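Student: predicted model follows, preceded by the sequence.
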Amino acid sequence: MASDKELKKVSLSIVGMTCVSCVGNVEEALKGVRGVKKAAVNLATAKADVECDPAQTSLVAMKKAVDGIGYEVILSTANLTVTGMTCAACVENIQQAVGDLPGVAKVVVNLASGSARVEYEPAITPLSEIKRAIRELGYGVEERVEGQEALDREREARQREIRRQRNNLIISWSIGLVVMLGTFQPYWVLRDVLPALMNNKVFLFLLTTPIVLGPGRQFFVSSWKGLKRGLTDMNLLYATGIGAAYLIAVINTFWPDAGFGGREATFYEAAALLTAFIILGRYLEAVTRGRTSEAIRRLMKLQPKRARVLRDGKELDIPAEEAEIGDTVLVRPGEAIPVDGLVAEGYSSVDQSMITGESIPVEKKAGDEVIGGTINKTGAFTFRATRVGKDTALAQIIKLVEDAQTTKAPIQKLADKVAGHFIMGVHALALAVFLFWFFAGYALWFVPESRLILTPYLLTGMGVFGFALLTSVTVLIISCPCAVGLATPSAIMAGSGKGAEYGILFKGADAMEATARLKAVIFDKTGTLTKGEPSVTDVLTLEHLSQNHVLHLAAVAEKNSEHPLGEAIVRGARERGLEPEDAQSFNAIPGHGVEAQLDGRSILLGNRRLMAERQIALDGLMPEAERLESEGKTAMFVAVDGKPAGIVAVADTLKETSALAVKELHRMGLQVAMITGDNRRTAEAIARQVGIDRVLAEVLPEDKANEVKKLQAEGLKVAMVGDGINDAPALAQADVGIAIGSGTDVAKETGHVILVKDDLMDVVAAIQIGRQTLRLIRQNLFWAFGYNTLSIPIGAGLLYPFVAQMVSPELAALLMATSSLSVTLNTLRMRSYIPPIRRPGRTGTLKPTRAAMPSPRTEPKEQLT
Amino acid sequence: MNIHRVGLLSALIYTGIALTMSGVFLAVTLQGEYSWVTRIGGASWVFLLSMIVLMPLVSSFVKRRYTAR
């Protein structure tokens, strides 16, 4: 039982409480958590004051209890930069140590970006305690800063690490090579060219000791810090390997009769070269790791430093971050646009490729939007700043990509878990191998004339303990899964960066992995497959009414509508010189149409479902409506005072790339569907034009999410492509919600993947980048784990009974370093990757050929509602 | 049980098991013709590897058993 002194008072911010019963529910939930002594909730401040025993409870338990009954505990988030991590086990160790702190609810550590994101309650565990826990494990930690400062600090830290490992590399290799030459002095021609002193064991001891205690010291220090907390990492493998080789050599030098193989078994070169190879691997990793985040660095570099603004009639040259909303900013040809804004005066073309991926410069005139970080090409202009600092499109994109890079893909969570347990498994295996060779293998198969692979070294003087220990150490070194930690995060970083280059923003690693696994894509019709700018094409009336009269009435009904079809009707009326008056009353019926009152007359405008509901007979209009619909036009019926009056047909134009994008998706083996509120006939006509084989027609806006669910129920991983605002529920329901054409306000979008441009080809490119990233991850994991699977049996001496040769510890270290290098080099291939759809000669418009199009399959109406 | 006691209990358990394992190793080698250096060296290596294997296993087990997570 905790005394009052040991109890801790915690204040939790809770969202979602609306009444006294909520207060009671939250209090009950908190009191039900083991270790919570008191819980008092204040509705007005939305806070819960909890008294708890930190040894018995945790923030996770409290958060889980509150979240479980439908409320939410709001926590602080800290983004930290962690230095000194080298492998997946480091990630696991930090996650475990920080996750064990009582005030931490969630911690995600990313090896490739050297970052950690922690959700925590400062009242229980202050940030300083989190940082201390990380430091105690032997890693460096500081709060993450953003923008240019972050770039500078990150580069500085990386350079520091590279410098450190380079110095270690120089020391270990220069001395290590002398040790190797000295070891082999009695062999080959070396006998004639090198003095015998070099083979003196004490001389070798004097050379090897500085390597083990200098560059090799980092492994002993790090593994000891971890062991003190009961944690194991790759450093422990190195430390035990180097330590054992060195210790045997020292014993055999000074106590040759101790039974460890005598003076002929002083593996100083093993200890020295083992250290040298491991440090070579560390150095190469440090050099290549930063390069995977090249894309984000390039984005950061785009941020202009200076802005020229007009204030009080004077032209001032100020730092870009000091520009304010409403400032008039001047831009000359060739200059970077410092912040986001709207062109006030002037005309120019602007290269926006760095933000949108659009290769052709975009013309800008008064009223057009310009994006900070893009380059003004031809003319000079002024613009009014609308977004500055952290709100600019570029800043939002950088933040989004950075956030995505700190998340973990499901495949990575599994790999981390496996790697975390791998270290323990390797030590257990090393123990088993030692026992086997000690008690059985040595007596059965040991041959005094046997040797280490690629060396002239005979194992003649090797005793049972020395031989079993050598094999055991080799297993420790050769099994090291150091490449596993980098395999996934480096690929995710490279993939998300590549996406950003094309204006494709993945909101997380899970979104990227889900995109790669997609089996079906649903496109919203209006504004996604079509341009979303419909126009009136036909006005048909019953005999006694004029076309203008019917169109005028329709325009009156739609005057206050924000629906694209309504806007098209109002625009169409105005083009014919008909100015619609304001209706006395107006009522939008979502998914059906509108009704309005004008001068005592009731106007109804909408689809046949609305007419059927209001029992308006459409007999005379139906054949014409069906004809219009089969042409891909949307027929809207007009009824006045409960009687049919006519049809207003509206048609939208397909985007130039819609058909090509659908064709490419089909070629990639994906099912493609279209979802629309339009009637079946119109929907099928549009679907035929773009080549879509599955039509979900007459779907009310609120039912779109259900349609996505139905496809998911068929076992398909589904993407929904649509407008990020109107289609938000369907985007959220889909495995991957792709918000298209978000423009520059990416932060507001609800999708998992955000396409800056309004181009369907980017949907294809997003899937191709996702698939390429997943392919890279799989290849990397193959190199990382596959190597271990192959090399462990060899290291354990499986081939020894047949070939009488053993793998030496230094050869094992070389193989291990090769594995890490192959992973990092494989990831770097992503830098030159171009999604196939974006390769030269692949883009362009495809004219739909009716005969070539598959016949669309329409979902039965009954299933849709 | 507070965190220090949990750590102490874990250390007692994994050290005890590792010592037992190296003791068993030593006992088995007494049946064969091994030198004392070989026996002690082998037992030390068994103890070291056993400790490394057992430390995380026992620590997390004890922590789970005696604290509410």
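Tutor: Okay, I see it.

Student: nearest residue to whatever residue of the stretch 451-600 of chain A ends up closest to chain B other than its sequence neighbours?
Tutor: The minimum distance from the stretch 451-600 of chain A to chain B, using CB to the nearest CB, falls at A:Phe465 (4.3 Å). (C-beta placed from N, C-alpha, C; glycine too.) Among residues not flanking A:Phe465 along the chain, B:Thr38 sits closest, at 4.3 Å (CB to CB, 6 or more residues apart in numbering or on different chains).

Student: check which helix or strand covers residue 56.
Tutor: Chain wasn't specified; assuming chain A. Assigned by DSSP states H and E, A:Gln56 belongs to no helix or strand.

Student: try again with chain B
Tutor: B:Pro56 belongs to helix B:36-66, assigned by DSSP H and E.

Student: pLDDT averaged over that helix - what is it?
Tutor: Regarding helix B:36-66, the rounded mean pLDDT is 85.

Student: same check on stretch A:162-179?
Tutor: On average, stretch A:162-179 scores 88.

Student: with just CA atoms, put that stretch into PDB.
Tutor: Presented in PDB, the C-alpha positions along stretch A:162-179 are these (Å, rounded to 0.1, in the frame of the first residue of the first chain):
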ATOM      1  CA  ILE A 162      30.800  11.200 -39.300                       C
ATOM      2  CA  ARG A 163      34.000  12.900 -37.900                       C
ATOM      3  CA  ARG A 164      34.000  10.700 -34.800                       C
ATOM      4  CA  GLN A 165      33.700   7.500 -36.800                       C
ATOM      5  CA  ARG A 166      36.200   8.700 -39.300                       C
ATOM      6  CA  ASN A 167      38.800   9.300 -36.600                       C
ATOM      7  CA  ASN A 168      38.000   5.800 -35.100                       C
ATOM      8  CA  LEU A 169      38.200   4.400 -38.600                       C
ATOM      9  CA  ILE A 170      41.700   5.900 -39.200                       C
ATOM     10  CA  ILE A 171      43.000   4.700 -35.800                       C
ATOM     11  CA  SER A 172      41.500   1.200 -36.000                       C
ATOM     12  CA  TRP A 173      42.500   0.500 -39.700                       C
ATOM     13  CA  SER A 174      46.000   2.000 -39.600                       C
ATOM     14  CA  ILE A 175      47.000   0.100 -36.400                       C
ATOM     15  CA  GLY A 176      44.800  -3.000 -37.400                       C
ATOM     16  CA  LEU A 177      46.600  -3.500 -40.700                       C
ATOM     17  CA  VAL A 178      50.000  -3.400 -38.800                       C
ATOM     18  CA  VAL A 179      48.600  -6.000 -36.400                       C
END
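
Student: tell me the buried residues in that stretch?
Tutor: If you call a residue buried by 16 or more other CB atoms under 10 Å in any protein chain shown, then stretch A:162-179 has these buried ones: A:162, A:164-165, A:168-169, A:171-173, A:175-176, A:178-179.

Student: which ones among these are found in helices?
Tutor: Per DSSP state H, helices hold the following members of the buried residues of stretch A:162-179: A:162, A:164-165, A:168-169, A:171-173, A:175-176, A:178-179.

Student: show me which of the buried residues of stretch A:162-179 neighbour chain B.
Tutor: By CB under 8 Å from any CB of the partner chain, no member of the buried residues of stretch A:162-179 lies near chain B.

Student: now do the residue of chain B found nearest chain A: how many residues are near it, please.
Tutor: At 3.4 Å from chain A, B:Ser59 is the closest residue in chain B, using CB to the nearest CB. When neighbours are counted by other CB atoms under 10 Å in any protein chain shown, B:Ser59 registers 21.

Student: still on that earlier bit, how far away is the residue nearest to A:Phe465 from A:Val736?
Tutor: Distance, B:Thr38 to A:Val736, by CB to CB, to the nearest Å: 62 Å.

Student: more crowded one of the two?
Tutor: A:Val736 (29 against 21).

Student: count of neighbours near the nearest residue to that one once chain neighbours are set aside?
Tutor: Nearest non-adjacent residue to A:Val736, counting by CB to CB, 6+ apart: A:Ala719, 4.2 Å away. Taking other CB under 10 Å as the criterion, the count of residues near A:Ala719 is 30.

Student: got it, and A:Pro801?
Tutor: A:Pro801 has 12 neighbouring residues, counting by other CB under 10 Å.

Student: what about it, helix or strand, and which?
Tutor: Assigned by DSSP H and E, A:Pro801 belongs to helix A:800-803.

Student: name the helix or strand for the spatially most central residue of chain B, please.
Tutor: Geometric centre of chain B, nearest residue: B:Ala18, 2.0 Å, by CA atoms, centre = their mean. Taking DSSP H and E as the criterion, B:Ala18 maps to helix B:3-30.

Student: any part of that helix near chain A?
Tutor: Yes: for helix B:3-30 and chain A, the contact criterion (CB under 8 Å from any CB) is met by B:3, B:7, B:10, B:25, B:28.

Student: elements contacting that helix?
Tutor: Packing partners of helix B:3-30 (3 or more CB pairs under 8 Å, 6 or more residues apart in numbering or on different chains; DSSP states H and E): helix B:36-66.

Student: now do the buried residues in the helix it packs on.
Tutor: B:37-43, B:45-60, B:62-63, B:66.

Student: and for stretch A:790-801?
Tutor: Judged by neighbour count (16+ other CB under 10 Å), stretch A:790-801 contains these buried residues: A:791-792, A:794-797, A:800.

Student: which one of these is nearest to chain B?
Tutor: Chain B has its nearest neighbour among the buried residues of stretch A:790-801 in A:Ala796, at 14.1 Å by CB to the nearest CB.

Student: that closest one reaches A:Val475, doesn't it?
Tutor: Yes: A:Ala796 lies in contact with A:Val475 (CB atoms under 8 Å); the separation is 5.3 Å.

Student: need the overlap of contacts for those two.
Tutor: A:429, A:433 (CB atoms under 8 Å, 6 or more residues apart in numbering or on different chains).
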